[in-house]
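**Student:** Next comes the sequence, and after it the predicted model I'd like to discuss.
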Amino acid sequence: MNAIPHDPMVPVPFRIEKVRRDLSDTFTMEMVPEAGGDFTFRPGQFNMLYVFGVGEVPISISGDPADRSVLVHTTRAVGTVTEALDALKPGDVLGVRGPFGTAWPVEATFGHDLVFVAGGVGLAPLRPAIYQAMAHRERFGRVIVLYGARTPEDILYKKELERWRGRFDLDVLVTVDRATGKWGGNVGVVTNLVTRGGFDPLNTASFVCGPEVMMRYAAAALEKKGVSRDKIWVSVERNMKCGCGLCGHCQWGPHFTCKDGPVFRYDTIADLFQIREL
């Protein structure tokens, strides 16, 4: 199939095929283009999803980049547009603009140990990079997924994490801030898992995604273990409106997060990252 023609300002109609409830406020949509064709993207990129008559919102793509037949987005219902997305059903149509933004540099990290650090729904933007790393597993040393959630009930992609943990070539550690029910696993913030190590810090690359405060502490923990700033990448999404650097809403210091990000190498934005007023 041919790739979908792309005008960055014109939404392409997509039809929802499946909707899955992941958590009480989080859901995953699988959709296909109404006009046929396929959809290509790089891990870490995002789309602008448009609910007709309501508005649009930037959402990172969370599917497998090797599967061009379906577009997958996981998001939380936290505002007017995402709540409208949450109300859509299979067969409904929405508009898609994208993909936009920079990507997780998976291929550039071949030969390294690769550490993914995710907090909460931040696992969704990392998921395509994890898929790509698994598809090229022989090109890496250790591949480690460190994931933190608020409670066991808030663990995203729980069944998939269990499958990944069952692989002999992937290390998966999960922690929760607060244990409930019969949880017998790790308790504490995800940065505690970083301090355990298990990777060669002088030959490690790390991709980090989650709430900004979590990313700041995770990056600091990685640095303390000996991972250099130029081997750490973070995903920053701030006030994106147009998706392609025209409107200026997402300007962050000298950067536009929609086109210079959302994935930034940490050493290029570390100073800005520490200024909480920005």
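**Tutor:** Looks like it arrived, so ask away.

**Student:** The stretch 151-278 of the chain: strands as residue ranges?
**Tutor:** For the stretch 151-278 of the chain, the strands defined by DSSP state E, counting those that start in this stretch cover 171-176, 186-187, 204-209, 232-235, 251-252, 255-256, 263-265.

**Student:** what's the closest of these to residue 23?
**Tutor:** Shortest distance between residue 23 and those, using C-beta to C-beta, is found for strand 171-176: 13.2 Å. (Each C-beta comes from the backbone N, C-alpha and C, glycine too.)

**Student:** Quick check: beta-bridge partners of the closest residue to residue 69 other than its chain neighbours?
**Tutor:** Excluding the flanking residues, the one nearest residue 69 by C-beta to C-beta, 6 or more residues apart in numbering is residue 38, at 6.0 Å. Note on residue 38: beta-bridge partners by DSSP bridges are residue 3.

**Student:** Relative to residue 136, how far out is residue 38?
**Tutor:** 21 Å (C-beta to C-beta, to the nearest Å).

**Student:** cool, and residue 36?
**Tutor:** Taken as C-beta to C-beta, the span from residue 36 to residue 136 is 29 Å.

**Student:** Give the residue from those two that has the larger number of neighbours.
**Tutor:** Between residue 36 and residue 136, counting by other C-beta atoms under 10 Å, residue 136 is the more crowded of the two (12 against 9).

**Student:** which residues pair with residue 61 across the strands?
**Tutor:** residue 73.

**Student:** Residue 129 is in contact with that one, correct?
**Tutor:** No: Residue 61 lies out of contact with residue 129 (C-beta atoms under 8 Å); the separation is 10.8 Å.

**Student:** Give the residues shared as contacts by the two.
**Tutor:** Here residue 61 and residue 129 share the contacting residues residue 43, scored by C-beta atoms under 8 Å, 6 or more residues apart in numbering.

**Student:** strands paired with the helix or strand bottoming out on mean pLDDT in the chain, and their directions?
**Tutor:** Lowest mean confidence among the helices and strands of the chain (mean pLDDT, DSSP states H and E): strand 251-252, at a mean of 78. Strand 251-252 sits in its sheet next to strand 255-256 (antiparallel), going by DSSP bridges.

**Student:** Which of the strands of the stretch 151-278 of the chain sits closest to residue 57?
**Tutor:** strand 232-235 (16.0 Å).

**Student:** Got the confidence number for residue 6?
**Tutor:** On pLDDT, residue 6 comes in at 63.

**Student:** whoops, residue 77 was the one
**Tutor:** Predicted confidence (pLDDT) for residue 77: 95.

**Student:** Leaving out the residues flanking it, which one is nearest to it?
**Tutor:** residue 86 (4.0 Å).

**Student:** how near is the closest residue to residue 154 other than its chain neighbours to residue 152?
**Tutor:** Spatial nearest neighbour of residue 154, excluding adjacent residues (C-beta to C-beta, 6+ apart): residue 23 at 6.1 Å. Between residue 23 and residue 152 the computed distance is 11 Å (C-beta to C-beta).

**Student:** tell me the contacts of residue 161?
**Tutor:** Counted by C-beta under 8 Å, 6+ apart, residue 161 has contacts 145, 147, 155, 172, 174.

**Student:** one more time with 10 Å
**Tutor:** Counting by C-beta atoms under 10 Å, 6 or more residues apart in numbering, residue 161 touches 123, 145, 147, 155, 172, 173, 174.

**Student:** measure the last one to residue 115 for me?
**Tutor:** Relative to residue 115, residue 174 is positioned 14 Å away (criterion: C-beta to C-beta).

**Student:** between the two, who's got more neighbours?
**Tutor:** Neighbours were counted for residue 174 and for residue 115 using other C-beta under 10 Å; residue 115 has more, 28 against 21.

**Student:** before we move on, what SS does that one have?
**Tutor:** The three-state assignment at residue 115 reads strand, by DSSP: H, G, I helix; E, B strand; the rest coil.

**Student:** per-residue pLDDT, it?
**Tutor:** Looking at residue 115, the pLDDT reads 98.

**Student:** what's near enough to touch it?
**Tutor:** Counted by C-beta under 10 Å, 6+ apart, residue 115 has contacts 142-146, 171, 193-194, 197-199, 201, 204-208, 218, 222, 225, 227, 231-232.

**Student:** That concludes my questions; thank you for your assistance.
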